[in-house]
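# got a sequence here, can you model it:
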Amino acid sequence: MSTDKIQGVDLHNGDWGKAGSVICWSYTHDGETKVAKEVMEATDAREELDDIQSDQGDLMKLYKNFVLVVQATPKEGAGASSTGHSSMRS
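Numbers count the residues shown, from 1 in each chain. Okay, here's the model as predicted:
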């Protein structure tokens, strides 16, 4: 995480990483503090894929609909990390 951009993230409802959970982010963009409230629409553990929709907050001033799809692809080998891929729909 980029601590100079993201000030905090709070779970408002549900369980971390579970469909239906509600997460609120506070972050800085262009020197201004902003917020985003997101709902985890779907999660697929086998594909390591999350579908997250922002339904409240500063993003809604710019977009009617904002969906972030995130997928992690594990790297091969002992101690290897994952490669993350994301796409946005608005």
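# could I get the CA-only coordinates of the lengthiest strand in the chain as CSV?
Ranked by residue count, the top strand of the chain under DSSP state E comes out as strand 32-44. These are the backbone C-alpha positions of strand 32-44, laid out as CSV (Å, rounded to 0.1, in the frame of the first residue of the first chain):
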residue,chain,number,x,y,z
GLU,A,32,-7.2,16.6,-1.2
THR,A,33,-8.5,14.0,1.2
LYS,A,34,-11.2,11.9,-0.4
VAL,A,35,-13.3,8.9,0.5
ALA,A,36,-14.6,5.9,-1.3
LYS,A,37,-17.2,3.4,-0.1
GLU,A,38,-17.1,0.0,-1.9
VAL,A,39,-19.1,-3.2,-1.9
MET,A,40,-17.4,-6.4,-2.7
GLU,A,41,-19.8,-7.7,-5.4
ALA,A,42,-18.1,-11.0,-6.1
THR,A,43,-15.1,-13.0,-5.1
ASP,A,44,-13.7,-16.1,-6.7
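# in terms of secondary structure, what does it contact?
Applying 3 or more C-beta pairs under 8 Å, 6 or more residues apart in numbering; DSSP states H and E, one finds that strand 32-44 contacts strand 22-29, strand 49-57. Just so you know, the C-beta spots here come from the backbone N, C-alpha and C atoms, and that holds for glycine as well.
# turn these into CSV, columns for distance to residue 35.
Converted to CSV, the helices and strands packed on strand 32-44 look like this (distance: least, C-beta to C-beta, whole Å):
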stretch, distance to residue 35
strand 22-29, 5
strand 49-57, 5
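# returning to what we had before: paired strands for the longest strand of the chain, with orientation please.
In the sheet, strand 32-44 lines up against strand 22-29 (antiparallel), strand 49-57 (antiparallel) (DSSP bridges).
# could you redo those strands as CSV and give each row mean neighbour count and distance to residue 76?
What follows is the strands paired with strand 32-44, written out as CSV (neighbours: other C-beta atoms under 10 Å; distance: least, C-beta to C-beta, whole Å):
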stretch, mean neighbour count, distance to residue 76
strand 22-29, 16, 31
strand 49-57, 17, 19
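# mind telling me which of the ones you listed the model trusts least?
Among those, strand 49-57 has the lowest mean pLDDT, at a mean of 87.
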